[in-house]
Structure formats: structure tokens, C-alpha cells
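>>> Any chance you can model this:
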Amino acid sequence: MADVIVLGILAALLVFVFFIYLMLRRTVTGFKEGMDQGRRDR
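Numbers count the residues shown, from 1 in each chain. The predicted model follows:
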């Protein structure tokens, strides 16, 4: 029974880390695009 709980915690951690990774990647790409647009406008 403990194995099921450990597997569930591991799965939740994996999903959590993946979600954070996606958010960070979106933020970084959006920031880069904003910088490029700012440079182009000048």
C-alpha cells in the first residue's frame, strides 16, 4: 500500500516540475520577444 502512495507523490512531483518548467519557458520566450520588439522599434 505504501508503494502506491510513493508512486502518487512521485507522479505529482513530476507534473509539478513539468508545469513550472513550462511556465518558466513561456516567461523567458515572452521576455526575449519583448526585448527584440523594443530593439526593433528604436
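
>>> and the gap between T29 and D41?
Distance, T29 to D41, by C-beta to C-beta, to the nearest Å: 19 Å. In short, each C-beta sits where N, CA and C put it, glycine included.

>>> Please say which of the two ends up with more neighbours.
It is T29, of T29 and D41, that has more neighbours when counted by other C-beta atoms under 10 Å, with 10 against 6.

>>> Next one: that one from L10, what distance?
Taken as C-beta to C-beta, the span from T29 to L10 is 29 Å.

>>> Now do the helix or strand containing F31: which elements does it pack against?
In this structure, F31 sits in helix 2-41 according to DSSP states H and E. Applying 3 or more C-beta pairs under 8 Å, 6 or more residues apart in numbering; DSSP states H and E, one finds that helix 2-41 contacts no other helix or strand.

>>> Now do that helix, average pLDDT.
Helix 2-41 shows a mean pLDDT of 93.

>>> what comes up buried for it?
Of all the residues in helix 2-41, not one is buried under the rule 16 or more other C-beta atoms under 10 Å.

>>> chain center to that helix: distance?
0 Å (C-alpha atoms, centre = their mean, to the nearest Å).

>>> The chain should start at 39 in everything you say after this.
All right, first residue 39 from here; so that's helix 40-79.

>>> Can you tell me what sits against stretch 41-56?
Residues outside stretch 41-56 that contact it (C-beta atoms under 8 Å, 6 or more residues apart in numbering): none.

>>> how much space between R78 and T65?
R78 is 21 Å from T65, where distance means C-beta to C-beta.

>>> what's the answer for I47, then?
For I47, the distance to T65 (C-beta to C-beta) stands at 27 Å.

>>> can you check E71 too?
According to C-beta to C-beta, E71 and T65 sit 11 Å apart.
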